[in-house]
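Colleague: Coordinates for the following, if possible.
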Amino acid sequence: MSYYFSNFFVITLSHQYKQFDSTFTISAKAVVLQNVFYFYSMRKNILLTAIILFVSISFQSCVKEVDTGNLPFENKLVIYCMLTSDSLVSVRLSKTNSLLIDDLDSVAGVKVELYENDKFLELLAYKGNGLFYSTKTYPRESYSYTIKASAPGFENVEGTDSIPRKVTLMESQKKSWLINVHDVQQELVDYTTYFTPTSGHGNYYELMFFTQTRHEIQGSSNASYYISFITGSVIDADPCITNEKYLNSYFSTFVFSDETFDGEKKTVHVKMMCESMSSNFYVSPLGNPWDITGPETEYTVLRSVSRAYYLFRKSYYLYISNQELFQKWDPSDPFSVLINTNPSDVFTNVKNGYGIVAAYQHSYVKTTLLK
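Modeller: I've put the predicted structure just below:
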């Protein structure tokens, strides 16, 4: 159902929930025509104004006016859990919030249980801020793990996934050039990654590139690590990448399946224009810390991921892509926003709630820089 507001803001009711540093939105579509008549009154284009009037009247004929402060939404628990064999199990638990209400998503009285192959393992300890963690369980390859959560006033929720087999990453090569774009120098990079696919069909992967620098902490034997994930606009890539159809955005990872694979050894090629890097400090390195040499070391990561991980990541990327298409709406073509944007559901495998329980394993190699 759609809802009509006096400033011509039309939105399909959605649920929003926060997972660590990211905000994921379920079934969201927004069409903004705010102050559209004022904007077009500044232009002497009678035909265009007529089109805008037609679109607005069309919206009014199929929507109803409601109180924005009392929009209903499902009160559900939300689980976010990424399982990997080299880390203790941790879970972020929250609840759904109305898109139009700024409210805390924490839940009181929560109990989170961990099961392995349907056998109870432990009650997860609470760390604060909705974070629960295991004190002993590192997930094992090919085993299934279930997260069950309960809280007063909510339906019990649960999600299950299995740790996929680890992929063998053999080598990754990078070529780079500086080119002039509108009198600004930009870096063009070309990656070629060699790996042995997981046996059988129906396997899924995630590829990413990053740089890593070790920073010594004065007066301590510990160190921090500055990690930058490389992002850019894709110019060319193998079909396994381009078939995923979300490449109009600057993502730092690429998810793909083995649908187009035809041999035991696989090469994946990605060529892109570097636009930015997503960077932060971490208390532990990615990969092997003894591999870090010089002021900055570049790595390639290839993850074998579960089907749930693949569907979740891809659906989230498609959602982001839709939002960027909406932001690029051309005012000279008022119908383009309706043609180019679609409702986008973020995948969930949590019963009676929302969120994701997904699994992966990763392999690292130092990226070889070719001249």
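
Colleague: can you give me the strands for the stretch 101-250 of the chain?
Modeller: With DSSP state E, counting those that start in this stretch as the criterion, the stretch 101-250 of the chain has strands at 111-116, 119-123, 125-128, 131-133, 144-150, 157-162, 168-181, 184-196, 204-216, 223-237.

Colleague: Turn those strands into JSON lines, including mean neighbour count and distance to C274.
Modeller: Every C-beta, even on glycine, is put in place using the N, C-alpha and C of the backbone. Output for the strands of the stretch 101-250 of the chain, formatted as JSON lines (neighbours: other Cβ atoms under 10 Å; distance: least, Cβ to Cβ, whole Å):
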{"stretch": "strand 111-116", "mean neighbour count": "18", "distance to C274": "40"}
{"stretch": "strand 119-123", "mean neighbour count": "12", "distance to C274": "44"}
{"stretch": "strand 125-128", "mean neighbour count": "11", "distance to C274": "37"}
{"stretch": "strand 131-133", "mean neighbour count": "19", "distance to C274": "34"}
{"stretch": "strand 144-150", "mean neighbour count": "20", "distance to C274": "37"}
{"stretch": "strand 157-162", "mean neighbour count": "21", "distance to C274": "33"}
{"stretch": "strand 168-181", "mean neighbour count": "14", "distance to C274": "8"}
{"stretch": "strand 184-196", "mean neighbour count": "16", "distance to C274": "4"}
{"stretch": "strand 204-216", "mean neighbour count": "19", "distance to C274": "10"}
{"stretch": "strand 223-237", "mean neighbour count": "17", "distance to C274": "5"}
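
Colleague: got a pLDDT number for N7?
Modeller: Looking at N7, its pLDDT is 29.

Colleague: Next, the contact list for the nearest residue to Y115 once chain neighbours are set aside, please.
Modeller: In this structure, Y115 finds its nearest non-sequential neighbour in T146, 4.1 Å apart by Cβ to Cβ, 6 or more residues apart in numbering. Contact analysis of T146 by Cβ atoms under 8 Å, 6 or more residues apart in numbering lists L114, Y115, D118, E158, G159, T160, V357.

Colleague: For stretch 219-228, C-alpha coordinates in CSV please.
Modeller: Provided in CSV are the C-alpha atoms of stretch 219-228 (Å, rounded to 0.1, in the frame of the first residue of the first chain):
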residue,chain,number,x,y,z
GLY,A,219,55.0,2.3,24.7
SER,A,220,53.3,-0.9,23.7
SER,A,221,54.2,-4.2,22.0
ASN,A,222,50.9,-4.1,20.2
ALA,A,223,50.1,-2.4,16.9
SER,A,224,47.2,-1.1,14.9
TYR,A,225,46.5,-1.7,11.3
TYR,A,226,45.2,0.9,8.8
ILE,A,227,43.2,-1.0,6.1
SER,A,228,41.8,0.6,3.0
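
Colleague: So K95 sits against G109, correct?
Modeller: No - here K95 does not reach G109: they are 12.0 Å apart, not a contact under Cβ atoms under 8 Å.

Colleague: neighbour count winner among those two?
Modeller: Set side by side, K95 and G109 show more neighbours around K95, with 23 against 9, by other Cβ atoms under 10 Å.

Colleague: What score does the more buried one have for pLDDT?
Modeller: With respect to pLDDT, K95 has a value of 93.

Colleague: ok, it to N352 distance?
Modeller: Going from K95 to N352 by Cβ to Cβ, to the nearest Å gives 13 Å.

Colleague: Could you check how many residues crowd around the nearest residue to T84 once chain neighbours are set aside?
Modeller: Spatial nearest neighbour of T84, chain neighbours left out: Y360 (5.5 Å); criterion: Cβ to Cβ, 6+ apart. Neighbourhood size, Y360 [other Cβ under 10 Å]: 23.

Colleague: Now Y360: phi and psi?
Modeller: Main-chain dihedrals, Y360, degrees, to the nearest 10: phi -160, psi 160.

Colleague: ok, it to I320 distance?
Modeller: 20 Å.

Colleague: can you check Y204 too?
Modeller: Y204 is 19 Å from I320, by Cβ to Cβ.

Colleague: and if you look at G128?
Modeller: Distance, G128 to I320, by Cβ to Cβ: 29 Å.

Colleague: ditto for R214
Modeller: R214 is 32 Å from I320, where distance means Cβ to Cβ.

Colleague: now S94
Modeller: 20 Å.

Colleague: name the element the closest residue to D161 other than its chain neighbours belongs to?
Modeller: Once flanking residues are discounted, D161 sits nearest to A359: 4.5 Å by Cβ to Cβ, 6+ apart. In this assignment (DSSP states H and E), A359 forms part of strand 354-366.

Colleague: now N352, nearest residue through space, not along the chain?
Modeller: Nearest non-adjacent residue to N352 (Cβ to Cβ, 6+ apart): E155, at 4.3 Å.

Colleague: er, S144 actually
Modeller: S162 (4.3 Å).
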